[in-house]
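Asks: 3D, please:
(chains A and B)
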Number of protein chains: 2
Amino acid sequence: MLQRLCVLRVSGSISSAAASFHRTKQSLFSSASSAMAATEESLRKALAEKQSAVEAQGNAVRALKAAAAPKSDIDAAIQSLNALKLEKTDVERHLQSILSADGGLSREAFRQAAVNTLERRLFYIPSFKIYRGVAGLFDYGPPGCAIKSNVLAFWRQHFVLEENMLEVDCPSVTPEVVLKASGHVDKFTDLMVKDEKTGTCYRADHLLKDFCNDKLQKDLTMSSEKAAELKHVLATLDDLSAEALGAKIKEYGITAPETKNPLSDPYPFNLMFQTSIGPSGLIPGYMRPETAQGIFVNFKDLYYYNGNKLPFAAAQIGQAFRNEISPRQGLLRVREFTLAEIEHFVDPEDKSHPKYKEVAELEFLMFPREEQMSGQSAKRIRLGEAVSKGIVNNETLGYFIGRVYLFLTRLGIDKDRLRFRQHLANEMAHYAADCWDAEIECSYGWIECVGIADRSAYDLRAHSDKSGVPLVAQEKFSEPKEVEKLVITPVKKELGLAFKGSQKNVVEALEAMKEKEALDMKAALESKGEVEFEVCTLGKTVTITNKMVTIQKEKKKEHQRVFTPSVIEPSFGIGRIIYCLFEHSFYMRPSKAGDEQLNVFRFPAVVAPIKCTVFPLVQNKQYEDVAKYISKSLTVAGISNKIDITGTSIGKRYARTDELGVPFAITVDSTSSVTIRERDSKDQVRVDAEKAASVVREVTEGHKTWQDVWSTFPHHSSASTEE
Amino acid sequence: MLQRLCVLRVSGSISSAAASFHRTKQSLFSSASSAMAATEESLRKALAEKQSAVEAQGNAVRALKAAAAPKSDIDAAIQSLNALKLEKTDVERHLQSILSADGGLSREAFRQAAVNTLERRLFYIPSFKIYRGVAGLFDYGPPGCAIKSNVLAFWRQHFVLEENMLEVDCPSVTPEVVLKASGHVDKFTDLMVKDEKTGTCYRADHLLKDFCNDKLQKDLTMSSEKAAELKHVLATLDDLSAEALGAKIKEYGITAPETKNPLSDPYPFNLMFQTSIGPSGLIPGYMRPETAQGIFVNFKDLYYYNGNKLPFAAAQIGQAFRNEISPRQGLLRVREFTLAEIEHFVDPEDKSHPKYKEVAELEFLMFPREEQMSGQSAKRIRLGEAVSKGIVNNETLGYFIGRVYLFLTRLGIDKDRLRFRQHLANEMAHYAADCWDAEIECSYGWIECVGIADRSAYDLRAHSDKSGVPLVAQEKFSEPKEVEKLVITPVKKELGLAFKGSQKNVVEALEAMKEKEALDMKAALESKGEVEFEVCTLGKTVTITNKMVTIQKEKKKEHQRVFTPSVIEPSFGIGRIIYCLFEHSFYMRPSKAGDEQLNVFRFPAVVAPIKCTVFPLVQNKQYEDVAKYISKSLTVAGISNKIDITGTSIGKRYARTDELGVPFAITVDSTSSVTIRERDSKDQVRVDAEKAASVVREVTEGHKTWQDVWSTFPHHSSASTEE
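Replies: Got it, this is the predicted structure:
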């Protein structure tokens, strides 16, 4: 049976399940890429044709020369050859430009500029740098840490507070039995290969993926059939068994990247960090690979806390741990990360949601299963339409998709680079009703950042079975319900007379009949008066007469229904969201003098690490006192701020805070009034020094927009200001 | 050399260092207990005397009977015996009452009532309960989780934001090299003993402590000398070596508590959870036992981020892990917990603090080293006085003590059950300048909840040495400073003539002279013209003349001073603070009818898990609509709230939220105006339905007090209301 294996998705294949979690989707699914794929294929064909033509013409030239043909003939043939070569070069260039545009050079350059700024300003840095670091572990420095805590605070406000969710906080150290029940101990694995000489470990699918991508990128003369084969491998990478993966590695002659040594066969490596709880060494434990299990094992208490009522949602924010074989892509694939997970428990017979209407009119990029299968691209769909057409399985799932869309776009994720992709049938576990990933496009491609899955009753059942504690809900009927039940009553006296010592076996066999079998017997007894009946435990058939058993439907009263709730799980990879937010917020603009490019992060106020900087225009005690007064007022109001009293030019000081994404700057250029400058427009307004803090508060807390402020106070646009 | 071993303290003894971290202080240090100890001693003496007297009189009675003395004599003797027995019983009772008052029954009963409520309402519960739990791991349920996130948010506001600290966020998974440098790999241990037959593990000091406490509590006939001995053992428990601890266990005949089997000798057990990083199994790692190391290893980057200026503080909130041998006392000694740590880096030559004056006038319970040594109790001291008298080592340390006091009391910690205890000389590491613990008294005694230590340059030096990366600060002089340096200039020509092939050894030996040696030589050369000089590398003494070397003081210009900063570390055990807060906030009061005791938590609004509940007085659509409107307004304003539309009586609904510590309840009893009720006074005011949310917001955010609200609106006191 398939298991719950990863947070943000479920997989169709057990062996590659963990592998698929952090996966960035292949260009197969990118919205622009299907058209691109068509172009690429025709170009590869054209290139192969040109290549043959060049070769044929080359042969022709050589033949003419060998035959000592007239010079004019030879020259004409050479001219044709050169023309063909030029045409081939043209096609080659065209193909190259398409391949590099798709995940190519400009993305790399953009990422480099963003990441340089992020690391230089300590948004994040490799952990334990002075000891040369450890792959897959990162520290958030001051601005990154502030952004992370802002994102989490906003998540709490948007989900926990607005939806009255039950937030819990469970330990990371988890005893083995819990993760055995959830399936992680047996199946939370990635396939690994080892360099047979040095012992260095690699993820098998990564090596195969890199090989295919590299080949596609660099081998322009590859036949279009070969290209299609490699693309098929890339698209089905997550479904490959250990054997299939090993066979491909052998077939393509893939060796260890650094040493070129041969590789071992792929074998599963469990991604959990293992440890031991207590001093005896006898209680194995793991660092949790997700936070969800802490909620499932507490279902009974939480249901009670909620007054034994459904639906309700529990939530948890916390660290999760995965001992990745080969971490890469910076913050996107790490060994320790923060998850924010919601488990919304609901009656499987009623998945409506009372607040569904609030999101039904939202329209955004969705990428349903069918569009993916038919090679189309993601398209804008109204959420209400997706639900009513059954594209999205139910209202509650739809509601959360809408809430996730609002959460991400309010954080500052570009709505045109955000899509909701439905899992293909083979990506989903058999028990899942429907799954959608919120994918955000960044320089690494489309990155799965939030998974929203209807996991049915799977998780609660698994823990019920393992622990023996029923994790169920009751629906009390307002008045008892009459239900018809089939009642089988063996007449023991008659059976005793007929079967003597075998009476007990016959009685048990009669009582064990399924409904259909019993109804058939009833019909036969009524029409014929007797029936042949096989008693397995006796190994023979006996004759039952209508005196020996009565079978009839009876009406019974039931007072409640007992059932295992379904769970709908939105699960957020906070570090991935933050990284994508960094990329979506980053841009460069020329300095006033035009002599350099300045970096800016356009974070919305809710996310910005510092909301406001305060600058005295010149070093002067009076201005500094005003600046300190304003800074203190901001601090009291809970608005994070920073004074910069260095003598640096005001333009440099603006540039310095633009690079941290600070949305507002107050410049003290008199003791009575000051200017407030907005980061992206660089526009300024003039306000009383005493009002400055409250104006900034209103606009950072969202009670007013910058437009409101702009129209209320004297102002001048950036064109007229000196920076 | 001693190492940094625990977060909240340092210890004088390596082997018991970890043991001392979680220790709750012995009654030796409790403020009321020195007087109590004197009484106890005199009572034990009196009891022993009465016992002898009873025995003597008993013998006398028997002797009279044996000698067939007159009945009147025997009766008189028996009367005396009975009188003596009564006196003995009196003393016994008195002694018993003293022993049980000190950590005795009333505390147990109070704790039981509080903990019952806390677990029933899911403030916290044992983790993985359906699998029978794991000792030392707890989940925070919804109200506990909300309180924890409120405490952390307030911590961020009070420390990080107000002080402009650099907050960082580092992983828990830590490679061995970092914890080797910090000393944790070698010395973060507790002494453990094993049941020699079953292998069950115990903390050696716990067994000895339990034995002594039990003996003192129950053996009333113990001599006062023996009692004094056991008390001495308790007081010096943390200083006992493995050998001494083992000897005491043998001497007292202590066996395994469950089986009574003999115990092994004590041996050190490292408290870190060990794991392995990456797939090769070759990189050992640990779950961090504290968050501080993540800051120290980033010092260089943080110093740069701060513009290469001192002082500055970095801060981190995060999980820490300790694989306790035998967790006990609920939330107070757990295997995974949240720490909030500050590392304030400062020039060792200037530990003044610019904001020190803001706290200097605070006065609270302090327990300096001297008072502890001389058996006095904690006393109220003005912080400014403690610093100026040198009781507290420096202004910065004093500043943080003051800020911690404000933090804890604003959270709701009772200032009369909060004291700052200075570490005794033998509790501190040799490098520490001064250490104070904020101790909070709860039913388990005085609990160390925050440690505030001046750790000098120890941590940065340890990582500098291990990593080879200098972790230093520079002070650039505004103008170059002249410093006098002793310069030794060997005259090589003369030395070559005199010593030929040995010249090099002599030159090196001359240049290697320490200042005093060189000055002595200079004086000798000036007075006598020559001097005998031992050259170790030649194994002989040579004669140096005044032609062979010039030694003189020269003035040099230096442009900067390079030094390792000192670090002052306030370190907060968040779970411990929260548990003490639970106890300090809990009380019971009779219901209106007087027929039952109702539980209340008097959390201040800043901490309360839910700030406000909204009740329609009766089930009625109009009232419910008003209630929903108010609830939504509260949510938008970020005020956590809960609607209760069950038909339960209003009194029961109040009681239910009092038990969660909700400070305000809005009852909708009309469509135009509503009442707001304050939890502790049970007083009510009447306000317009539309204003209700903003009134509650103002009073929960601290812009107004309940008194302000009370005097602004029509009101009635609890005496006149129906609950």
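
Asks: Can you confirm whether the strand ranked longest in chain A lies near chain B?
Replies: The longest strand of chain A (DSSP state E) is strand A:473-490. No: remark: strand A:473-490 sits outside contact range of chain B, by C-beta under 8 Å from any C-beta of the partner chain, the gap being at least 14.2 Å. Every residue, glycine included, has its C-beta placed from N, CA and C.

Asks: Return the distance of that strand from the chain's centre.
Replies: On the basis of C-alpha atoms, centre = their mean, to the nearest Å, strand A:473-490 sits 43 Å off its chain's mean C-alpha point.

Asks: Mind checking the pLDDT average for whichever helix or strand comes after it?
Replies: Proceeding N to C from strand A:473-490, the next assigned helix or strand is helix A:492-499, under DSSP states H and E. Within the predicted structure, the mean pLDDT of helix A:492-499 is 90.

Asks: name the helices or strands packed onto helix A:492-499?
Replies: Other elements packing on helix A:492-499 under the criterion 3 or more C-beta pairs under 8 Å, 6 or more residues apart in numbering or on different chains; DSSP states H and E are helix A:503-511, strand A:540-545.

Asks: ok, now with 7 Å
Replies: helix A:503-511 (3 or more C-beta pairs under 7 Å, 6 or more residues apart in numbering or on different chains; DSSP states H and E).

Asks: quick one: buried residues of the helix or strand following the helix it packs on?
Replies: Using DSSP H and E, the next helix or strand after helix A:503-511 towards the C-terminus is helix A:515-528. Using 16 or more other C-beta atoms under 10 Å in any protein chain shown as the burial criterion, the residues of helix A:515-528 that qualify are A:518, A:521, A:522, A:524, A:525.

Asks: got the angle for helix A:515-528 vs strand A:473-490?
Replies: For helix A:515-528 against strand A:473-490, the angle by axes from the mean of the first three to the mean of the last three C-alpha atoms, to 10 degrees is 30 degrees.

Asks: State the mean pLDDT of helix A:515-528.
Replies: In this model, helix A:515-528 has a mean pLDDT of 90.

Asks: Over to stretch A:334-346?
Replies: Summarised as a single mean, pLDDT over stretch A:334-346 is 97.

Asks: With distance to residue B:292 added, can I get the buried residues of helix A:515-528 in TSV?
Replies: As requested, the buried residues of helix A:515-528 are arranged in TSV below (distance: C-beta to C-beta, whole Å):
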residue	distance to residue B:292
A:518	72
A:521	77
A:522	77
A:524	81
A:525	82
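
Asks: circling back: quick check: buried residues in the longest strand of chain A?
Replies: Neighbour counts using 16+ other C-beta under 10 Å place A:473, A:488, A:490 of strand A:473-490 among the buried residues.

Asks: of all these, which comes closest to chain B?
Replies: The shortest approach to chain B among these belongs to residue A:473, at 15.6 Å (C-beta to the nearest C-beta).

Asks: Contacts only, for residue A:580.
Replies: Under the criterion of C-beta atoms under 7 Å, 6 or more residues apart in numbering or on different chains, the contact list for residue A:580 reads A:413, A:440, A:442, A:447, A:449.

Asks: what's the lengthiest helix in chain A packed up against?
Replies: For chain A, the helix with the greatest residue count under DSSP state H is helix A:33-66. Here helix A:33-66 is seen to pack against helix A:71-101, helix A:224-235 when contacts are counted using 3+ C-beta pairs under 7 Å, 6+ apart.

Asks: Please identify which of those is closest to chain B.
Replies: Ranking these by proximity to chain B (C-beta to the nearest C-beta) places helix A:224-235 first, at 23.3 Å.

Asks: ok, then the element right after that closest one?
Replies: Towards the C-terminus, the helix or strand next in line after helix A:224-235, according to DSSP H and E, is helix A:242-251.

Asks: got a list of contacts for that following helix?
Replies: With contact meaning C-beta under 7 Å, 6+ apart, helix A:242-251 is reached by A:15, A:191, A:193, A:204-205, A:207-208, A:233, A:263, A:265-268.

Asks: Could you list which of the contacts of residue A:580 belong to strands?
Replies: Per DSSP E, the contacts of residue A:580 map to strands at A:440, A:442, A:447, A:449.

Asks: Residue A:61: which of those is nearest?
Replies: Proximity to residue A:61 was ranked across these by C-beta to C-beta; first place goes to residue A:442, at 50.2 Å.

Asks: which other residues reach stretch A:617-635?
Replies: Under the criterion C-beta under 7 Å, 6+ apart, residues A:612, A:614, A:616, A:641, A:643, A:645, A:647, A:650, A:666-669, A:671, A:689, A:692-693, A:696, B:161-162 lie in contact with stretch A:617-635.

Asks: Kindly apply the preceding question to stretch A:461-475 instead.
Replies: For stretch A:461-475, the external contacting residues (C-beta under 7 Å, 6+ apart) are A:177, A:181-182, A:296-297, A:299-300, A:303, A:308, A:310, A:347, A:460, A:560-565, B:130-131.

Asks: Now list the buried members of the residues you listed.
Replies: The neighbour-count test (16+ other C-beta under 10 Å) marks A:177, A:181-182, A:296-297, A:299-300, A:303, A:310, A:460, A:564-565, B:130-131 as buried among the contacts of stretch A:461-475.
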